[in-house]
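K.L.:
quick one, structure for this:
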Amino acid sequence: MQVSPVISKGRPRVHKRTDVLLAVLLTAIGAAVITIAILASIVQKQGETIKGLRVQIDGITATHPLRYYASHGGNIPIVTSSRRSQMGSGYILSIANQCTDSLPLVVALENPGANRRKTVNIALDPGGNSEFSHFDDWKISQGDIVEISHEGFNSVTMRFR
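P.N.:
Numbering: from 1, shown residues only. Just a heads-up that it's a prediction; the model follows:
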């Protein structure tokens, strides 16, 4: 038995290909809109992350009064560094005050090889930076140990080699 093909009645559809293209186009536009929404969400989250990091950086780099540092770990709010002197032998000690108050410090100098000790009191201006190559008759040199302290704070010790 043979089945005859179904023949549609009426006019043939000329726009069948156009309808498929329109459906594909609308699907692609929908997918693009969803993709753009997802990307916008990601960009917004990254923007919020960047803002949060900026706030943290501002907090880290901000200067505070001395009492703030006493209640946040007890480390002296200074940054120290050293370098060799350009003018002969010896070293230059650099101390930067990171707080908004004047900072009196006790600098204890020791040279175990020469069995010498000396204690010097210095004061750093708020936010100031000072450099020392010698303290009166003491020239900082190889083998020296320098301890910087302030009452109520952890001291900083540097060894010059």
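K.L.:
where exactly do the helices run in the protein?
P.N.:
Ranges of helices within the chain are 16-61, 66-70, based on DSSP state H.
K.L.:
and of the ones you listed, who's closest to residue 135?
P.N.:
Evaluated over these, closeness to residue 135 peaks at helix 66-70, with 23.3 Å, by Cβ to Cβ. The way it works is simple: take the backbone N, C-alpha and C, and place the C-beta from them, glycine included.
K.L.:
which residues does the closest one contact?
P.N.:
Outside helix 66-70, the residues within contact range by Cβ atoms under 8 Å, 6 or more residues apart in numbering are 75-77, 98-101, 103, 152-153.
K.L.:
which stretches of the protein have low pLDDT?
P.N.:
Applying pLDDT under 70 to the chain flags residues 1-15, 59-62.
K.L.:
returning to what we had before: farthest pair in the contacts of helix 66-70?
P.N.:
100 and 152 (17.2 Å).
K.L.:
so the chain: which segments form each domain?
P.N.:
Domain segmentation of the chain under automatic domain parsing yields 15-62, 66-159.
K.L.:
please identify the most buried of those.
P.N.:
domain 66-159 (a mean of 15; mean count of other Cβ atoms under 10 Å).
K.L.:
thinking again about what came up before, okay, the helices of the chain in CSV with distance to residue 86 next?
P.N.:
Formatted as CSV, those follow (distance: least, Cβ to Cβ, whole Å):
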stretch, distance to residue 86
helix 16-61, 30
helix 66-70, 33
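K.L.:
so for residue 133, which of these sits nearest?
P.N.:
helix 66-70 (26.7 Å).
K.L.:
can you tell me the closest non-neighbouring residue to residue 122?
P.N.:
residue 105 (5.3 Å; Cβ to Cβ, 6 or more residues apart in numbering).
K.L.:
I'd assumed residue 123 was in contact with that neighbour.
P.N.:
Yes - in this structure, residue 105 is within contact of residue 123 by Cβ atoms under 8 Å, at 7.2 Å.
K.L.:
give the contact list for residue 130.
P.N.:
Residues counted as contacts of residue 130 (Cβ under 8 Å, 6+ apart) are 94-96, 122, 124.
K.L.:
before we move on, what about residue 97?
P.N.:
By Cβ under 8 Å, 6+ apart, the contact list for residue 97 reads 77-78, 103, 124-129.
K.L.:
mind listing the residues bridging to the nearest residue to it once chain neighbours are set aside?
P.N.:
Closest residue in space to residue 97, ignoring its immediate chain neighbours: residue 124 at 3.9 Å, by Cβ to Cβ, 6+ apart. Legend: beta-bridge partners of residue 124 under DSSP bridges are residue 103.
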